[in-house]
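> Kindly generate the corresponding structure for this input.
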Amino acid sequence: MSNVDAVVIGSGPNGLVAAATLADAGWDVAVVEAQPTPGGAVRSAELVPGFTSDLFSAFYPLSTVSPALRGLDLESHGLRWSHAPRAVGHARSAADEDAPVIHPDPADTAADLERRQPGDGVAWTALVEQWHHIKEPLLSILFSPFPPVRGPSALLRRLGTAESLRVARFLLLPARRMAHELFRDEAARLLLLGNAMHADTPPDAPGSGVMGYILTMLAQDGGYPVPVGGAGELSAAMVRRAEHAGAHFHYGDAVTGIEVRSGRAVGVRTASGARYTARRAVIADVSAPALYGSLLPDHAVPARVRADLDHFEWDTPVLKVNYALSQKIPWRSPSLSGAGTVHLGADDNGLVRWMADLTTGTVPARPFLLFGQMTTADPSRSPEGTESAWAYTHLPRDIIDNASADLLAARVDDVLEAHAPGFADRVVGRVVQRPSDLEAADANLVGGAVNGGTAQLHQQLVFRPGPGISRSETPVQRLYLGSASAHPGGGVHGVSGLNAARAALGEDGPRGWLRRRTSRAVIDLLSKGPIP
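Numbers count the residues shown, from 1 in each chain. All right, here's what the predicted structure looks like:
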């Protein structure tokens, strides 16, 4: 039996941030990880000899602006970033020979869009200027525990009441409506729409625009960086940082239960029979359904919380196909050759049809793809002149069997061949990751869902993961949810882990009595009530 100040369940980016933050405060921290290696959905491997493949996430625009990761100074612990010559491109059709791209210099992006449609370049420049004006308070709102205070007040001071209301309306727009209000031509519209599709919110649903806006502006502002050597190098640097602060790691032993005594989390049990006593806190970098549905004893979870989580919605399942190519990709559009991230398979209307297929339980005949050219972004990923690449798309929520996944993977190949004739002839290695494979490699990726739950508006902000449990604090004292199921949600930013660690530090000790009493009163009020 180990006796520590805090136990962190899981070593994904949120768990690693929480561990480092608590260890920095002088706490004795044990991180318990089910898998034999750390990282959660931030790992890489040689699936084909000589080619490094990122197994889950690959590009990290949120990481470089996240207060959680920036505060760790990971560069001092071996992390190096690399960028593709261009961040993002989007082919409008398989016949597109002049696909729009986001260049490193916003003036070049604007000039290219202006060439295609007078006025769109001017609109792009204005959008970038707006971004720089509101970036700091907007990211503060995004990354702060809910409800945020400083970000909204800073935005109000900077813009004034009337303009703040206009910006709020703009950010709540459906992505399709936002793109059509901003630009006249499909080329510019697709740069925003493709980025909006990195989440699972339909392009005609309110709130989908803010994802497209933020990712598009991050792509223009600093590109889509990747860790040199593979995604696993980001996790390795985070582990080194946490170990440097004093955290200890225990791999290959899944936590099977959280022990609760007198309404307080006091430790965890593992599959091997080990027990870790937690004097001060337990941080759970696990999905909300796992925390409340299997790790906690029945008596510790209010019936109202269980009932609310019956309505928890996962994001759409991911299918990922990894490729090793003997040569660079023969794109019809030369502009795509230097783009790290490429969006393929759907134009403006096609994105709506693709999402309709997912909504109606249809395996898409022509899937929309996110495609990563990893050697283009980081030359260390494969031998010179070759390409390590992947394609990523979605299945409908209720269709995650291997046969459907294999059918969709074949259609992914077809889309790539249509956009890059001769692609198949250059493939020397191909590995499919089905939803079942993703979940087997990381229990948080239930059914291949990589976002910790849908990013749609009904499960964000005060509703993530459910009403009354939207902060890191839980109905169990000294237990904190620090995963993508908590606000602010998915993406490799580590903020959910940081928020959980800060909540634990804030409630600890005699000076935390007021915060403990206040948070408990709020949780008790909101997590209880009649069940229809």
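> buried stuff in stretch 291-303?
Under the neighbour-count criterion of 16 or more other C-beta atoms under 10 Å, stretch 291-303 has Leu291, Tyr292, Leu295, Leu296, Ala300, Val301, Pro302 buried. Every residue, glycine included, has its C-beta placed from N, CA and C.
> List the neighbours of stretch 197-214 that are in contact with it.
Under the contact criterion C-beta atoms under 8 Å, 6 or more residues apart in numbering, stretch 197-214 has outside partners 131, 138, 142, 170-179, 192-196, 215, 315-316, 343, 351-352, 355, 359, 368, 370, 394, 451, 454-457, 460, 490.
> now swap in stretch 159-179 and tell me
130, 133-134, 138, 155-156, 181, 188-190, 192-193, 196, 201-213, 348, 351-352.
> Distance-wise, check Ser44 relative to Phe56.
9 Å (C-beta to C-beta, to the nearest Å).
> Equivalent analysis for Gln456, please.
Gln456 is 21 Å from Phe56, by C-beta to C-beta.
> and if you look at Arg176?
Arg176 is 28 Å from Phe56, by C-beta to C-beta.
> go on, Arg158?
Separation of Arg158 from Phe56 (C-beta to C-beta): 37 Å.
> out of all of them, which strand in this structure is the longest?
strand 275-284 (DSSP state E).
> Buried residues, that one. List them.
Tyr276, Ala278, Arg280, Ala281, Val282, Ile283, Ala284.
> Going by distance to Ser235, which of these wins?
Distance to Ser235 across these (C-beta to C-beta) is lowest for Ile283, with 17.1 Å.
> got the contact list for stretch 429-436?
Residues contacting stretch 429-436 (C-beta under 8 Å, 6+ apart): 47-48, 51, 53, 55, 317-324, 395, 400, 402, 405-406, 409, 445, 447-448.
> on that earlier part again, which residue of Gln456 and Phe56 possesses the greater neighbour count?
Counted by other C-beta atoms under 10 Å, Gln456 and Phe56 do not tie: Phe56 has more neighbours, with 22 against 18.
> Apart from its neighbours in sequence, what residue is nearest that one?
Ala41 (3.7 Å; C-beta to C-beta, 6 or more residues apart in numbering).
> Look at that neighbour and give its secondary structure.
coil (DSSP: H, G, I helix; E, B strand; the rest coil).
> Longest helix in this protein, please.
helix 120-143 (DSSP state H).
> mean confidence for whichever helix or strand comes after that helix?
Proceeding N to C from helix 120-143, the next assigned helix or strand is helix 150-159, under DSSP states H and E. Taken as a whole, helix 150-159 has a mean pLDDT of 86.
> And for stretch 263-277?
97.
> how about it as CSV, C-alpha atoms only?
Extracted C-alpha coordinates of stretch 263-277, given in CSV (Å, rounded to 0.1, in the frame of the first residue of the first chain):
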residue,chain,number,x,y,z
GLY,A,263,-18.3,11.4,1.6
ARG,A,264,-14.6,11.9,0.9
ALA,A,265,-12.3,10.2,-1.6
VAL,A,266,-9.5,8.5,0.4
GLY,A,267,-7.7,6.4,-2.2
VAL,A,268,-7.9,4.0,-5.1
ARG,A,269,-7.7,0.3,-5.8
THR,A,270,-6.1,-1.3,-8.9
ALA,A,271,-6.5,-4.4,-11.0
SER,A,272,-3.3,-5.9,-9.5
GLY,A,273,-4.7,-5.5,-6.0
ALA,A,274,-2.5,-2.5,-5.1
ARG,A,275,-4.0,0.3,-3.0
TYR,A,276,-3.0,3.9,-2.9
THR,A,277,-4.1,6.1,0.0
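> Can you give me the buried ones in it?
Under the neighbour-count criterion of 16+ other C-beta under 10 Å, stretch 263-277 has Ala265, Val266, Gly267, Val268, Thr270, Tyr276 buried.
> Sounds good, over and out.
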